[in-house]
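**Student:** Take a look and give me a structure for this.
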Amino acid sequence: MLATADAPLQQGSNVRIQGSDSAAVGSQTTPEITALLLATFADLYRQEVGAEEDVHRTLPFFGTALGIVIASLTYAAGRLPKWPDLPADKGNYAFDAAAALLTLAVLEAACVLVWISFAIARRNYERIGPEADMLARVEELQSYYDNQGKTAAARSADMLEDVRQMLLASYAATTPANRNRNHQRYKYRAWASLHLVRSLIWALSATSLIFMSDKLGYLPKVIP
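**Tutor:** Numbering: from 1, shown residues only. The predicted model follows:
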């Protein structure tokens, strides 16, 4: 997104691109402060654009963790006997508890897939530019300053400051929107992580319960 002026260039030596409030504020700063702001804004912009891929980089982690959950569920489900084969009392309690834990693990795993799908869903991120518009704006400034009768050094300094203001306005217009989108992605990923941990807890609890019940003789041996 390129911030441009809404009105023609005004006469005077201190022309600024009034594309946003940020540009208006920046026009009152010294060149050194403007340069510092530009470097800071550019770094923030790059951070938010790079963060767009952060969620995708964590997909292998979620895939590995869900693989552990599935392996645990497969083991636990394979060790559960059929209902008619259950002994009375303790066997029924162990079966009911294990079945409840397995159900919770499956539901939590399903929630992981739902939230992670929200996190990786495509979003339209803002970008500065396009380059053609930026070049056209620079040419417009060049034409304006060529008619001011200033020295080459003065024209160069004024143009440099105006280009910096243009970039500041562009960064200020795009970075907050990208940051909001990234925060939404992170929120969905956090929910997916929470459900993933819960799913692991329920799956491992079911596996441990079935293993202990099997060793204590509460559950009959399952014949493959």
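**Student:** Can you tell me the closest non-neighbouring residue to Tyr145?
**Tutor:** Nearest residue to Tyr145 in three dimensions, chain neighbours excluded: Arg155, at 4.4 Å (CB to CB, 6 or more residues apart in numbering). No exception for glycine: its C-beta is placed from N, CA and C like everyone else's.
**Student:** and that neighbour, how many neighbours does it have?
**Tutor:** Applying other CB atoms under 10 Å, we find 18 other residues in the vicinity of Arg155.
**Student:** can you check the one 10 residues further on too?
**Tutor:** Neighbour count for Gln165, taken as other CB under 10 Å: 27.
**Student:** Tell me how far it lies from Val114.
**Tutor:** Using CB to CB, to the nearest Å, we find Gln165 at a distance of 45 Å from Val114.
**Student:** same question, Ala76
**Tutor:** Relative to Val114, Ala76 is positioned 23 Å away (criterion: CB to CB).
**Student:** now Ala51
**Tutor:** Taken as CB to CB, the span from Ala51 to Val114 is 22 Å.
**Student:** So those two - more neighbours on which side?
**Tutor:** Neighbour totals were compared for Ala51 and Val114, and Ala51 leads with 17 against 14 (other CB under 10 Å).
**Student:** List the contacts of the more buried one.
**Tutor:** With CB atoms under 8 Å, 6 or more residues apart in numbering as the criterion, the residues that contact Ala51 are Asn182.
**Student:** Tell me the pLDDT of it.
**Tutor:** With respect to pLDDT, Ala51 scores 81.
**Student:** Quick one: the helices in the chain, in order.
**Tutor:** 21-26, 31-51, 54-57, 59-79, 90-119, 131-146, 152-216 (DSSP state H).
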